[in-house]
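1. Turn this into a structure:
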Amino acid sequence: MPSATDAGLIPRSVHGFDLIQGQQQAIGLLATLLRNGHVPHAFVFTGIDGIGKQTAARAFAMACNCANPQPFKTAWPDLPSPPAINACGQCRICRRILADNHPDILHVRPSGNLIRIAAIRELIQQLMLKPYEQGKRIVIIANAHAMNPEAGNALLKVLEEPPANTILILTAQQTTDLLPTIISRCQQIRFVPLPRDVLVELIAANENLSREEALSAANLSGGSYTHALRLIGEGWIPRRNWLAKEFSQLRAQPTVAILALAEKLAARKALLPDTLAWLLSWYRDLIVFPFQPQQVVNSDLQDQIETTAAGADQQTLIKGMRLIQKALKDLQANANPRLTMEALVLQLAAA
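-> Next up, the predicted model:
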């Protein structure tokens, strides 16, 4: 995940844990372990992609090795002398870690969709050697859930007999994606989806979008900055505007036009999950608007929402949401996209 500094929200002089937005609990726990000097030999950082796990792993590696650690005021704002456990970001060690060329900060990443046993065997060979420098050797295994069973079992041997002065950090979406024996030997740090206001600020600053457009991407991102950027890169904002127009007029269209819409939607198969997720938010807005207009998700389309909601029945809208949810489940079960979308738009038009 790009840091807040990359997005232009935080001055370039800020580094380490202060870069990570919306993860106060996770960073607070890491800071407490550093402060108390009781750092376990292995962590697993869990949470969806694009919420700061990789950035936090790098910040932790810097904090463990920084030549000029700084007081971490964010974690203990009321302490007159907060512990100096945050990386300075300026020393030679920090700069090398930031540039991904420090010899004692080792990275293992998937090759294609998997981390194979060969990558773990290569790591084990590296760990048999002494660290190049003083300080902690940090191993960051990104997307550890991509390890095949052989790789997972090979890594287990390292966790059972960890090398001296070495800390392993695994990142994964959820603990159930890893072997229970691996999880039992790691301290879990849970990262949560980013709050909407944090995402909006990051997106608006980094992508030069209006706040309303950034809000639309944030609402569909599931709390992931990476997902939000992907939506924007795929031209989500104009597509959303097109969808709003089409579904506002759906009930007034002839059958041939409705089927043509279904064909267009099905043709972009990769976008269907996001399309249906947005459609759920649209129907939710139509339901909410008469009672709490300030709570609508697509706030920049409020005039259109107001017009559409005025002619809509609440029970019909609720039924529509159920139909959309069913279509999502059908697609997840590998249903035919075109037939699924034809059934959905015909039912929504007739409801």
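
2. Relative to R211, how far out is G235?
-> According to C-beta to C-beta, to the nearest Å, G235 and R211 sit 19 Å apart. (C-beta placed from N, C-alpha, C; glycine too.)

3. for A351, same thing?
-> Plainly put, A351 is 33 Å away from R211 if you go by C-beta to C-beta.

4. again, but for I140
-> Per C-beta to C-beta, I140 is found 34 Å from R211.

5. Please say which of these two ends up with more neighbours.
-> Legend: neighbour count by other C-beta atoms under 10 Å for I140 and R211, higher for I140 (23 against 14).

6. Can you check my assumption that that one lies in a strand?
-> Yes - according to DSSP: H, G, I helix; E, B strand; the rest coil, I140 belongs to a strand.

7. My guess is it contacts R58. True?
-> Yes - I140 is in contact with R58 according to C-beta atoms under 8 Å; the separation is 7.4 Å.

8. Identify the contacts common to these two.
-> Taking C-beta atoms under 8 Å, 6 or more residues apart in numbering as the criterion, I140 and R58 both touch I105.

9. Setting aside sequence neighbours, what's the nearest residue to N143?
-> In space, and not counting its chain neighbours, N143 is closest to P110: 5.3 Å by C-beta to C-beta, 6 or more residues apart in numbering.

10. wait, doesn't the one you found sit right on A142?
-> Yes - using C-beta under 8 Å, P110 makes contact with A142 at a distance of 7.3 Å.

11. Going by residue numbers, what spans are helices in the stretch 201-350 of the chain?
-> 211-220, 225-233, 236-248, 255-267, 272-288, 302-310, 314-332, 337-350 (DSSP state H, counting those that start in this stretch).

12. closest one to N165 among those?
-> For N165, the closest of the helices of the stretch 201-350 of the chain is helix 225-233, at 32.5 Å, according to C-beta to C-beta.

13. can you list the weak-confidence ranges in this protein?
-> Scanning the chain for pLDDT under 70 picks out the ranges 1-14.

14. next one: phi and psi at the most far-flung residue of it relative to its centre?
-> The outermost residue of the chain relative to its centre, with distances by C-alpha atoms, centre = their mean, is P254 at 40.5 Å. Dihedral pair for P254: phi -70, psi 160, per degrees, to the nearest 10.

15. about what we covered before: dump the helices of the stretch 201-350 of the chain into CSV; add distance to G28 as well.
-> Formatted as CSV, the helices of the stretch 201-350 of the chain follow (distance: least, C-beta to C-beta, whole Å):
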stretch, distance to G28
helix 211-220, 24
helix 225-233, 20
helix 236-248, 34
helix 255-267, 44
helix 272-288, 31
helix 302-310, 38
helix 314-332, 36
helix 337-350, 44
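
16. from those, which stretch is densest packed?
-> Neighbour counts (mean count of other C-beta atoms under 10 Å) averaged over each of those peak at helix 211-220, with a mean of 21.

17. What ranges does the stretch 101-250 of the chain have for its strands?
-> Listed in chain order, the strands of the stretch 101-250 of the chain (DSSP state E, counting those that start in this stretch) span 105-108, 137-141, 166-172, 187-190.

18. just these: most buried one?
-> It is strand 137-141: most buried of these by mean count of other C-beta under 10 Å, with a mean of 25.

19. now for that one, which elements pack on it?
-> Here strand 137-141 touches helix 53-65, strand 105-108, helix 117-127, strand 166-172, going by 3 or more C-beta pairs under 8 Å, 6 or more residues apart in numbering; DSSP states H and E.

20. Right, I'll leave it there.
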